[in-house]
Structure formats: structure tokens, C-alpha cells
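Q: Mind looking at a prediction? Sequence and model below.
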Amino acid sequence: MLVYLIRRIGQSILVVAVMATLVFLSIYAIGNPVDILASQDADQQELDAITRRLGLDRPMYEQFGIFVWNALQGDLGRSFVYAKPAVDVILERFPATMELAFVALVFSIVIGVPLGVIAGLKPDSFVGRSIMSTSILGFSLPNFWIGLMFILLFAVQLRWLPASGRGPVTEVLGMPLTFVTWEGLRHLILPAVTLALYKASLVIRIAQAGTRDVMLQDYIRFARAKGLSHRRIVFVHVLKNMMIPVVTVLGLELGSMIAFAVVTESVFAYPGMGKLLIDSISRLDRPVIVAYLMMTVVIFVIINLVVDLLYAAIDPRVRLSEPKG
Amino acid sequence: MSENAVLENAVSENAVPENKISETAAAPPPPPPVEDKGESLLRRHIANYFESVSATIGLVVLVTIVAAAFLSPWIAPQNPYDLAAISIMDNMLKPGEQLDSGLVAVLGTDEQGRDMVSAILYGLRVSLIVGASSVLIAAIIGASAGVLAAYAGGRIESFVMRIVDLQLSFPAILVALILLAVFGRGVDKVILALVIVQWAYYARTVRGSALVEKRREYIEAGRCLALPNSRLVFRHLLPNCLPPLIVVATVQIANAIALESTLSFLGVGVPVTEPSLGMLIANGYRYLLSGNYWISTFPGVALVIVIVAINLVGDRLRDVLNPRLSR
């Protein structure tokens, strides 16, 4: 196990290093940020001054060296636009995105599990089949368009919910949260449901398969023979057992939720990391893009590492077969 | 002989003159290539396909849409990108209102006075071209990588599959977004980004089936006949790995179209001069809050219809091409 652990951590560090190089090289290729920052009628002297201040006049390898050295110390450069360390700019937006992702995660369970269980209990009924075919839509429809239609329906036509932005922020245990107030929750509902739809479809499919599987087990037959009510069988025995795969997959999907939030946040003008990334791309704010990517890479690598280690702990075949590739 | 050496042989034997290959291949019964499995199988598949009503509807809708999109210069009410044909006076007309030219804008017009029906038809063409060509290129690259990995084994296999694993551990939308931020806008760049994002799916799918197929007797027979490795891999192994690839690729076209529209919506996709459906939706986004719903809604509906139709077709293909599922 220790050998596997060391090798796996080594691989993760390698991945981060490779991604850092790729990210730096590719971002270096994006247009010149000075053109954006300088005013239209700035003369050459001003342009040079800005270039020098941002360190853009040094050769590429030198910039890369400085980048790596600073990155190791947790400094990913200063945002050209906000004139603050890029990491700070992102961390300011981090709680908003995490809040959105977690609320969406809750929604996807609340929507997905009951529907999946219903579909799994009666797989051949009309209801069961409609749930399953609707879940295919959740997978394949473009998420941003669904978000737009939600805005149109609930914000423009019915005027029930706000179309964009984030509600008032309240500090709870040192975390800036919005869902504790009604106004904040109202702002969260549409983006969170939109973000949750894809995962909810996934949960429906896993829950349906899990339920069908569990229903065939001997312990369910035994519970029936024992004379337990149908309700108790479903709510206690089935639910408990089919939640295992659901929880595993959702844990894995938390990372992709953060990535998908890029789209949802843009649709709802929600001030999270994803919106920041899109804004930074259009403003050529290189350090923020780099910092966002590096943080996302690290988050993903950590999630993958934890999942792999858990699997290896549970299933010895994984760590034993690894050396061969 | 190590499996690495096998692959090196494949490369060197590629250079063998054509007639030598045919000599070796002409020796006693060559393993039947896939075409020889006969028309009857194909016909049975086709008959099987049309047994499903929803899949038939899906195919009909899809064919109609593709035809309409590619005939758009001839059937669209106006050319939405010909500045002479559109008039700013017609801007933001509601669905059903009449244009200056007497034409009725069934789905309304946008802020520049373009008829939405025409804009959607032209947009569909861009979306379909991007989706289909990116899938085609990615499938060719991915399938070659996958089948070579499976056949070569050893280091080559683990190297290819490591890259695949690495890539699949990051969400496609994020990778594509970054690539396009680097490349800039453009139809060709979107296709390139989508190819980079997608090839790994096909590599994984094809490798999976190639690992099974490569143990079959016909591959062994081919080896006994001293067929060159390249011929074994591309003429015999690869064709037999195609059914699952076709299914994945079909559904993936829908995903590619959805991904492209998302990227264009975020402003990193196709250029303004060649708007896809996603771009049209993004244009309408600005007017959504003032109640001008039609600019975003109808291109989205077109997008949804295309995606659902492709999924219906793909789903049916999966059933038809999978012998275990045939009822």
C-alpha cells in the first residue's frame, strides 16, 4: 500500500507539473495584454512602462522560471485588471462557486433519488419509462439553453425568482453564505437547479439501476416474507443499499460540477470563479486564467488521488495490478 | 518476439511492395473481410432498425433537418448574412409579423432585422458541420490510437492509455474552453479543440473491443498467413471493432454539437461572421430580459430537436448492433 501511495502521489505531482508547463506555454501564446490595458492613445513610452511593470519584456524562459518559482510559493502572479494577487481574486469568488456546487449537489440528490427509485421499482410501467427517457434529455440538452428558458419562464414571465446575481451575503461560522436568507436562496434556486439537472439525470440512472438490483436480492425477499410493509422495505432497506453507488459517483462528480459552473454562472451572471474565468479570458487577464487553471488542476488531481486511494484500500487488485501499467 | 517488435515490424512491412502483399494474401482462405459477411446482415440490421417507431421518426427528422440545413442557401427565405437582403428597419419583429420586403417572419427577426428561420437554417449548417467533422476526425485518430494500443500492448499501450486517462479525468468543457482561449475564434479552431477533447473516448472504446477481438481465431489465422501487421490491424482488427465505435460516435455528434453551442454561447467558439445555433442563442440572451424571447428560444428548440433526434438514432443503433440485446 505504501509503495502504491508513493507512486500515485508521484504521478499526481507529475501531472500537476506537466499541466503547469502546458498552461503557461499556451497562455503565453494568447495576445498581448498590454493592448487591452493601455488606453487607445497611449504612446510607445507608456506601453513600454506597462510592459516592464508586468514583466512582459523578459524572455519567455525567464518568465517561465519566475512563474514556477513563484508558483511553488503559492504566488501565481498579480491580476492585470484587479491589481491584486490572482490567487486572492479567485479565492474571493471561491465560496460563491462552492456554495452553488453544493446546493446543486443537494438538488440533484433530492430530484434524482426519488425519481430513480420510482423508476427502479416499476421499470416497465409508463411512469418508469418516462422518467428514464426524460433523464436522457437531462444528459444531452445544452445546459445553458435550459438555464435561459428557466430565466424566461420564472424570471421574465412569472416573476417568481430573480434572473441573475447573488443574494445578500451572511457570515456563518466565518463562511460567506447566501442560502441562509430567503433572498439569497431565491437567487440560488435557478442556477443551482440548472447546474443540478445533468447530475440529477446521472443520479436517476444510477438509482434506477441500483434499485432494480437491490429488489432482486434475497434480503428484500426475506423482508417481504417477514411481513414488513412495502413502505418500510423501500424507505429503509432499498434506499440504504442503493445509495452506496450514488454517493460514490457524486463524490467523483463534485469536480466536474465546478467546471460546469463556468457555464451556469455565465448564464445567471453569478459572481463565482467560473464567471471570473470567462471575464478574464475576454480581458486577457493572464495571471487569473493561469491561477484558475492551476487551482482547478490541483483540485481535480486531489479528487482523483483520493478516489484512487480509496479504491485501492477497498480492492487490493487495483494496487497489485498497477506496476504492469 | 516482444510485442514492441511486432509493432516495429508493422512499420517496416508497410514498405513491402504491393504485389508481395497480394501474394501472401492470395494464399489459402484469407479471413473474410467485413464486407464479405454479406448484404443479408446489413439488410437485417436495417429492417431491425425500422421496427422501432421512435427511432424511425428520429431518423426521418434528422435527415430532414440535415437536408434543410445544407440546402439553406436555396430554401431559406433570405440570406441572413447578405447585408443587401436584410433591413435594419425590420429589427426585433415578433414571430408572424411582416418584413419590409413583404416576407412573413414566421419566427420573428433579430436585432439586425434578420429573419430567424433563415438564421436558424444557416446556423444549423455550421453546427452540423462542426459536430460531424470533429467527430469524424476524432474517431479516426482515436480508433487508430486505440487499435494500435491494443495490438501493440506493452509500453505503447500503457503510454497511450495513460494519456487517455489523464485527459478523461478533466471535464471536456473546461479543456475545450482553455484550448479556444488559446487558439482564438474560428470554425476550424473549434473543430480542432473538439477533436482534442473527444479522441480519447474513441481510443478507449476501440481499445476495449480490440482487446477482445485480437484473441479471436481470424487474427491468429491472419498471423499464420504471415499477413503484415498493418494489414491485420487495419483490414481485419479495426473493422470488427467498428460497431461499438459507430454507436459512440453517433451519440457523440450530439454531444459535440451541444458542446460547440455552449462554447459559442460563452463567446469563445465560432466567429460572428459564421454564427452557429449557440451564437444565435447568445445574441438573443441580451434581449431575453426585456421579453423578446424568440431570438434565444427558437434556435434552442432547433438545437434540442437535432440533439434528441441524434440520440434516438444512436440509441437504436446500439440495440441493433449489439447482438446480445437482440430480442
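A: Great, that's in hand.
Q: Around residue B:202, count how many other residues there are.
A: Residue B:202: 25 surrounding residues under other C-beta atoms under 10 Å in any protein chain shown. Heads up, the C-betas are built off the backbone N, CA and C, glycines and all.
Q: er, residue B:166 actually
A: Neighbour count for residue B:166, taken as other C-beta under 10 Å: 17.
Q: For it, give me the pLDDT.
A: As predicted, residue B:166 sits at a pLDDT of 81.
Q: Which helix or strand contains the residue of the stretch 1-150 of chain B found nearest chain A?
A: Checking the stretch 1-150 of chain B residue by residue against chain A with C-beta to the nearest C-beta singles out residue B:54 as nearest, at 9.0 Å. Residue B:54 is part of helix B:53-70, with elements assigned from DSSP states H and E.
Q: Convert the C-alpha atoms of that helix to PDB, please.
A: This file holds the C-alpha atoms of helix B:53-70, laid out as PDB (Å, rounded to 0.1, in the frame of the first residue of the first chain):
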ATOM      1  CA  VAL B  53     -41.300   3.800 -34.300                       C
ATOM      2  CA  SER B  54     -39.400   6.400 -32.300                       C
ATOM      3  CA  ALA B  55     -36.100   5.600 -33.900                       C
ATOM      4  CA  THR B  56     -37.700   5.800 -37.400                       C
ATOM      5  CA  ILE B  57     -39.200   9.200 -36.500                       C
ATOM      6  CA  GLY B  58     -35.800  10.300 -35.200                       C
ATOM      7  CA  LEU B  59     -34.100   9.300 -38.400                       C
ATOM      8  CA  VAL B  60     -36.700  11.000 -40.600                       C
ATOM      9  CA  VAL B  61     -36.500  14.200 -38.500                       C
ATOM     10  CA  LEU B  62     -32.700  14.100 -38.600                       C
ATOM     11  CA  VAL B  63     -32.500  13.500 -42.400                       C
ATOM     12  CA  THR B  64     -35.000  16.300 -43.000                       C
ATOM     13  CA  ILE B  65     -33.000  18.700 -40.800                       C
ATOM     14  CA  VAL B  66     -29.700  17.800 -42.300                       C
ATOM     15  CA  ALA B  67     -31.100  18.300 -45.800                       C
ATOM     16  CA  ALA B  68     -32.700  21.600 -44.900                       C
ATOM     17  CA  ALA B  69     -29.500  22.800 -43.300                       C
ATOM     18  CA  PHE B  70     -27.400  22.000 -46.400                       C
END
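Q: Check which helices and strands the helix or strand following that helix sits against.
A: Using DSSP H and E, the next helix or strand after helix B:53-70 towards the C-terminus is helix B:72-75. Secondary structure elements in contact with helix B:72-75, counted by 3 or more C-beta pairs under 8 Å, 6 or more residues apart in numbering or on different chains; DSSP states H and E, are helix B:116-152.
Q: ok now the helix it packs on, how far from the chain's centre?
A: Helix B:116-152 has its C-alpha centroid displaced from the chain centroid by 3 Å (C-alpha atoms, centre = their mean, to the nearest Å).
Q: average pLDDT for that helix?
A: Model confidence over helix B:116-152, given as mean pLDDT, is 91.
Q: can you pull out the strands in the chain?
A: Looking at chain A here, since you left the chain open. Residue ranges of the strands in chain A, as given by DSSP state E, are A:170-172, A:175-177.
Q: hmm, I had chain B in mind actually
A: Listed in chain order, the strands of chain B (DSSP E) span residues B:97-98, B:104-105.
Q: got a list of contacts for the last one?
A: The list of residues contacting strand B:104-105 from outside it, by C-beta atoms under 8 Å, 6 or more residues apart in numbering or on different chains, reads B:90, B:93, B:95, B:96, B:97, B:98, B:99, B:115, B:116, B:117.
Q: nearest residue to residue 293 other than its sequence neighbours?
A: Looking at chain A here, since you left the chain open. Across the structure, with C-beta to C-beta, 6 or more residues apart in numbering or on different chains as the measure, the residue nearest residue A:293 apart from its sequence neighbours is residue A:23 (4.8 Å).
Q: You answered for a different chain; I wanted chain B.
A: Nearest-residue entry for residue B:293: residue A:152, 5.4 Å, with adjacent residues in sequence omitted and distances by C-beta to C-beta, 6+ apart.
Q: So for the chain, the centremost residue is which one?
A: No chain was given, so I picked chain A. Nearest residue to the geometric centre of chain A (C-alpha atoms, centre = their mean): residue A:258, 1.7 Å.
Q: try again with chain B
A: The residue lying closest to the centre of chain B (C-alpha atoms, centre = their mean) is residue B:135, at 3.0 Å.
Q: in chain B, what residue is nearest chain A?
A: Relative to chain A, the nearest point of chain B is residue B:158 (3.1 Å; C-beta to the nearest C-beta).
Q: remind me which residues of the chain are low pLDDT?
A: By default, I'm working from chain A. Using pLDDT under 70 as the threshold, the predicted model of chain A has low-confidence ranges A:27-42, A:54-55, A:172-175, A:180, A:314-325.
Q: oops, chain B please
A: Low-confidence regions of chain B, defined by pLDDT under 70, span residues B:1-39, B:323-327.
Q: Tell me how many other residues crowd residue 59.
A: I went with chain A, as the question did not name one. Residue crowding around residue A:59 was assessed by other C-beta under 10 Å; the count is 8.
Q: nope, chain B please
A: Using other C-beta under 10 Å, residue B:59 is surrounded by 19 other residues.
Q: and if you look at the one 3 residues further on?
A: Residue B:62 has 19 neighbours, counted by other C-beta under 10 Å.
Q: Also residue B:63?
A: Using other C-beta under 10 Å, the number of residues around residue B:63 comes to 12.
Q: Return the residues of the stretch 201-325 of chain A in contact with chain B.
A: Neighbours of chain B within the stretch 201-325 of chain A, by C-beta under 8 Å from any C-beta of the partner chain: A:255-256, A:259-260, A:262-263, A:266-267, A:277-278, A:281-282, A:289, A:293, A:296-297, A:300, A:304, A:324-325.
Q: Mind checking which of those residues are buried?
A: Buried members of these, scored by 16 or more other C-beta atoms under 10 Å in any protein chain shown, are A:255-256, A:259-260, A:262-263, A:266-267, A:277-278, A:281, A:289, A:293, A:296-297, A:300, A:304.
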